[in-house]
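Asker: no sequence on this one, just coordinates:
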């Protein structure tokens, strides 16, 4: 299973490199020592920065949230162009295909590592954390944990492809003005 995971990280090279960049930014900002900052290694940490465990809830949250939200927003923006052109309009051109591939790559690399999700869980649900913070951050923990679990089995790659296929339809229903402009 590790080889399939590593293969999907290599196929989604751009998203993998960008997520590692975001993780390194968070590690450097909070002073979390990095053990192995390489992007590609044949292990379950392929596409993630190996680092020491975060010491606070803020560090754990940012290690899960910041790379996730940055890759997600960039992936949606890029996929809006590529997926809309390829699947909705039917314009199979080089720019459309490139935007589609990069968008899928970014979306399939949103999830934190499983170790980061578990560290976030430990920090969030310890006794010292206030109930308000637990209520506020629990939905993000659930999403992070589910995505990290699915990423271990490369399901996020398949989900990103499916999302890219249905995204233009959802978007055209949500924003019919764009559909009218293009027609």
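Answerer: Received the coordinates, thanks. This one's a predicted model, so the numbers in the text were calculated from it and none came from an experiment.
Asker: assumed residue 109 was part of a strand.
Answerer: No - counting by DSSP: H, G, I helix; E, B strand; the rest coil, residue 109 falls outside a strand, being coil.
Asker: so what's the residue nearest to it when sequence neighbours are not counted scoring on pLDDT?
Answerer: Setting aside the residues directly before and after it, residue 109 is nearest to residue 15 in space (C-beta to C-beta, 6 or more residues apart in numbering), at 3.5 Å. Where C-beta positions appear, they are placed from N, C-alpha and C, glycine not excepted. At residue 15, the predicted lDDT confidence score is 88.
Asker: repeat for residue 62
Answerer: Reported pLDDT for residue 62: 94.
Asker: likewise residue 1?
Answerer: 56.
Asker: surely residue 80 and residue 170 touch.
Answerer: No - using C-beta atoms under 8 Å, residue 80 is not in contact with residue 170; the gap is 11.0 Å.
Asker: and those two? Which one has more around it.
Answerer: Legend: neighbour count by other C-beta atoms under 10 Å for residue 80 and residue 170, higher for residue 80 (16 against 10).
Asker: residues in contact with that one?
Answerer: Remark: with contacts taken as C-beta atoms under 8 Å, 6 or more residues apart in numbering, residue 80 is in contact with 103, 167, 171.
Asker: so what's the gap between stretch 4-13 and the chain middle?
Answerer: 14 Å (C-alpha atoms, centre = their mean, to the nearest Å).
Asker: for stretch 51-70, same thing?
Answerer: 13 Å.
Asker: what about stretch 110-129, average pLDDT?
Answerer: 90.
Asker: picking that back up, what residues does the residue nearest to residue 109 make contact with?
Answerer: So residue 15 contacts 71, 75, 102, 104-109 (C-beta under 8 Å, 6+ apart).
Asker: circling back to that earlier point, neighbour-wise, which one of the contacts of residue 80 leads?
Answerer: Taking other C-beta under 10 Å as the neighbour criterion, residue 103 ranks highest of the contacts of residue 80 with 26 neighbours.
Asker: now do the SS call for it.
Answerer: Taking three-state DSSP, the label given to residue 103 is helix.
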